[in-house]
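**Q** sequence first, then the predicted structure:
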Amino acid sequence: MKATTLVRVAGQSIRKNTMRTLLTMLGIVIGVGAVIIMVAVGHGAQSTIQHQINSLGTNLIMITPGSVAQAGVSQGAATFSKLTVEDADKLKRESTLLSGVSPVIMTRTQIIGGGTNWRTSIEGVSVDFQAIRAWPVQDGTFFSDADARAMRKVAVIGSTIATTLYPGTSPVGQELQIRSVPFTIVGVLATKGQSAGGGDQDDIVLVPYQTAQSRLSGSIRIGQILCSTYTQADIPAAEEEVRSIMRESHHIANGDDDDFTVRNQTDLAQTAQATTQVMSYLLAAIASVSLLVGGIGIMNIMLVSVTERTREIGIRLAVGARGSDVLTQFLVESVVMSVLGGIIGLGVGFGGAALLGHLTGWATATPPSVVLIAVGFSGAIGVFFGFYPARKAAALNPIEALRYE
Amino acid sequence: MPSPDPAGSVVIQLDDVRKVYGTASNAVHALRGIDLTIRSGEFVALMGASGSGKSTLMNLLGCLDVPTSGSYTLDGVRVDRLSKNALADIRNQKIGFVFQGFNLLARTSALENVELPLLYDRTGRHRAPRALARAALERVGLGARADHHPSQLSGGQQQRVAIARALVTEPRLLLADEPTGNLDSRTSLDVMSVFQELNDGGITIVIVTHEPDVAQCARRIVEIRDGHLVRDHAVDDRVLAAEALTHLAVDPELESDAVASAAP
């Protein structure tokens, strides 16, 4: 039989039982719809995370204090602050692959400004920080190298601070008290948005690290050293270079472990993506159970159909259909049914993803390839679950089939 | 493929055909050695009581089944040892079936029902299936009802559609199994007149029946009992169905039309 005839005949017998067919297809519709929504949410989350990782900066290498082992007993990560300004200076001086180095001195404290007060994180950084984090200034300027060397009391604030403490006015030139020390605001950073961890990156005050060390009392430590390379290709080599300079700076003997950790942006991205991966697998498991149930539904209804149409099969065999003709006919029927369900499921999935995105504010993205995958997958389900009923139909004896009441 | 044979060429040749069902210890001998020759252009009525083996013989003749032993040659082809697929092809190319229960596909138009065997043709000899199906319907006088579904047709009309389906492949043999079994006597005569007309046109027909009236419409009667061929004779006082119809008061076409218009 010609392919067009096969599809036409399949369409005819599907139309004869419209309601039953629709109910049978529902399983596939829900399954494919779930897959699409899952892919849409997964892709959306991944692109959000990618965006957040990129917002950290370009070609970023991050050095954090590592664990310390005392007499073989590991004390856990960041047991001691083992990073010093000297480390940062040495990196800046000796490295060949780094475009910028900035120690990050971190503390949280109360600040006073614009007639109100606010608790925020203060970071003492070098001038390189702006380039490393690729963080433009929306108002005023970043502090200069001269400011830093002279330990001037200047600050650059994040946009959250600007809108909270100085609503409606430009904070540039205004005073800000950090631990009772007056600072002058020289610039406002552009809005960066949420970090991958969900924190507000714009709730921050940046001051020169030299100023922080000399003017701000209290718990002050270098939380990390940020570096950037000229190109992305340099990152692996630069990491090695950073490691050897740091070992030298920390006087670590050959064979001893590092007391610091070097990570790059890709590592961070991978960690974040591993989290969303778990979520994706979970959703995929739900979707595949739904597709499995849908497939079983199709097999069930095809078995009923074969029994109901035993006489028809007998007629077809009598007028010269081979077993393979009958097999193909029923296979095409189940494939047409499941692919139709898949196409409806596509619509449901796209609609559902859009609705979900609208209701929850999650970013959703559906790559075009998902259309092919959904249709192909539902077709495969039709073949897989339609095969047993079709083979049963093809194996019928024409005499008995014709006599069937 | 044989081109039109000279009149009287052999269509069916059975030699000592036996059919045994079941295992050796529990065997049922349906056919116990049948020898039968049917030539081109014959109109044979196969008669016998139920359990006589006539249905088994019918299934063998129709290539729906193969004999346990003996040989069966149909139109010059030994078919008794063919595979299932080869038998399907033989049925498609050489045999047209007409059944007692019409066996039309429901909710499928008359035209599509008639077209059905052409869809399974593997030889590629039928160029325009639709046109052939329409021609076959016109041949049985139902050209105007091509788009009707079986439920919209009377019993007689349904059987005409079934005959058109059997004819559409131009088979060497038309095989009818109790074709009038579900019809009243008037409609039976109507259907038999179609068979007689086709036979007059040269088509070989074998009809299985237990009704003597119907058998009288054939040219030759073969009787079977307990798996043996017991009687084989020509019909002397043959009934001409078309003629018999004119003696009946009511025109069957009118009646069947009334049935058709009453149907949904």
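**A** Great, that's in hand.

**Q** could you report the neighbour count for B:Gly202?
**A** Burial measure for B:Gly202: 10 neighbouring residues, criterion other C-beta atoms under 10 Å in any protein chain shown. Where you see a C-beta, it was placed from the backbone N, CA and C, and this is true even at glycine.

**Q** which non-adjacent residue is nearest it?
**A** Computed as C-beta to C-beta, 6 or more residues apart in numbering or on different chains, the closest residue to B:Gly202 that is not its neighbour in sequence is B:Gly41, at 5.5 Å.

**Q** doesn't B:Asp200 make contact with the one you found?
**A** No. With contact defined as C-beta atoms under 8 Å, B:Gly41 does not reach B:Asp200; the gap is 9.4 Å.

**Q** the two: who's more crowded?
**A** It is B:Gly41, of B:Gly41 and B:Asp200, that has more neighbours when counted by other C-beta under 10 Å, with 18 against 10.

**Q** OK, contacts around the more buried one?
**A** Neighbour list for B:Gly41: B:Ala7, B:Gly8, B:Asn199, B:Gly202, B:Ile203, B:Thr204 [criterion: C-beta atoms under 8 Å, 6 or more residues apart in numbering or on different chains].

**Q** now restrict these to buried residues only.
**A** The neighbour-count criterion (16 or more other C-beta atoms under 10 Å in any protein chain shown) marks B:Asn199, B:Ile203, B:Thr204 among those as buried.

**Q** what is the nearest of those to B:Leu174?
**A** For the buried ones among the contacts of B:Gly41, the minimum distance to B:Leu174 (C-beta to C-beta) is 5.6 Å, reached by B:Ile203.

**Q** could you check how far that closest one is from chain A?
**A** 17 Å (C-beta to the nearest C-beta, to the nearest Å).

**Q** mind listing what that residue touches?
**A** With C-beta under 8 Å, 6+ apart as the criterion, the residues that contact B:Ile203 are B:Gly41, B:Leu167, B:Leu174.

**Q** what of B:Gln158?
**A** Residues touching B:Gln158, when contacts are defined by C-beta under 8 Å, 6+ apart, comprise B:Phe102, B:Leu104, B:Pro150.

**Q** and with 10 Å instead?
**A** Residues in contact with B:Gln158 (C-beta atoms under 10 Å, 6 or more residues apart in numbering or on different chains) are B:101-104, B:110, B:113, B:142, B:148, B:150-152, B:182-183, B:191, B:256, B:260.

**Q** now it. Nearest residue, chain neighbours left out?
**A** The spatially closest residue to B:Gln158, leaving aside those adjacent along the chain, is B:Phe102, at 4.4 Å (C-beta to C-beta, 6+ apart).

**Q** ok, now A:Ser47?
**A** Setting aside the residues directly before and after it, A:Ser47 is nearest to A:Ala365 in space (C-beta to C-beta, 6+ apart), at 5.8 Å.

**Q** neighbours of A:Leu98, how many?
**A** 22.

**Q** who does it form a beta bridge with?
**A** A:Thr229 (DSSP bridges).

**Q** mind listing what it touches?
**A** Taking C-beta under 10 Å, 6+ apart, we find A:Leu98 in contact with A:59, A:61, A:91-92, A:128, A:132, A:227-230, A:234, A:238, A:241-242, A:245.

**Q** buried subset of the residues you listed?
**A** Neighbour-count burial within the contacts of A:Leu98 applies to A:59, A:61, A:91-92, A:128, A:132, A:227-229, A:234, A:238, A:241-242, A:245; the criterion is 16+ other C-beta under 10 Å.

**Q** closest one to chain B out of these, please.
**A** Taking C-beta to the nearest C-beta as the measure, A:Asn59 is the one of these closest to chain B, at 66.7 Å.

**Q** my read is that that closest one contacts A:Thr229, right?
**A** Yes. A:Asn59 is within contact range of A:Thr229, at 4.5 Å (criterion: C-beta atoms under 10 Å).

**Q** give the residues shared as contacts by the two.
**A** A shared contact of A:Asn59 and A:Thr229, defined by C-beta under 10 Å, 6+ apart, is any residue touching both; here these are A:Leu97, A:Leu98, A:Ser99, A:Gly100, A:Ile132, A:Ile235, A:Ala238, A:Asn264.

**Q** what is the neighbour count of the closest residue to chain A within the stretch 151-264 of chain B?
**A** Nearest residue of the stretch 151-264 of chain B to chain A: B:Arg165, at 7.1 Å (C-beta to the nearest C-beta). Each residue near B:Arg165 was counted by other C-beta under 10 Å, and the total is 30.

**Q** close to chain B: what parts of chain A are there?
**A** Among all residues of chain A, those adjacent to chain B (criterion: C-beta under 10 Å from any C-beta of the partner chain) are A:1-2, A:5-6, A:8-9, A:12-13, A:15-16, A:309, A:311-312, A:314-326, A:395, A:397-403, A:405.

**Q** among the residues you listed, name the buried ones.
**A** When the residues of chain A next to chain B are checked for burial by 16+ other C-beta under 10 Å, the buried set is A:1, A:6, A:9, A:13, A:309, A:311-312, A:314-323, A:325-326, A:398-399, A:401-402.

**Q** longest helix of chain A, counting residues only.
**A** For chain A, the longest helix by residue count, based on DSSP state H, is helix A:265-308.

**Q** now that one: how far from the chain's centre is it?
**A** If you compare the mean C-alpha spot of helix A:265-308 with that of the full chain, they lie 19 Å apart, counting by C-alpha atoms, centre = their mean, to the nearest Å.

**Q** after that helix, next one along is what?
**A** Following helix A:265-308 in sequence order, the next helix or strand is helix A:310-318 (DSSP states H and E).
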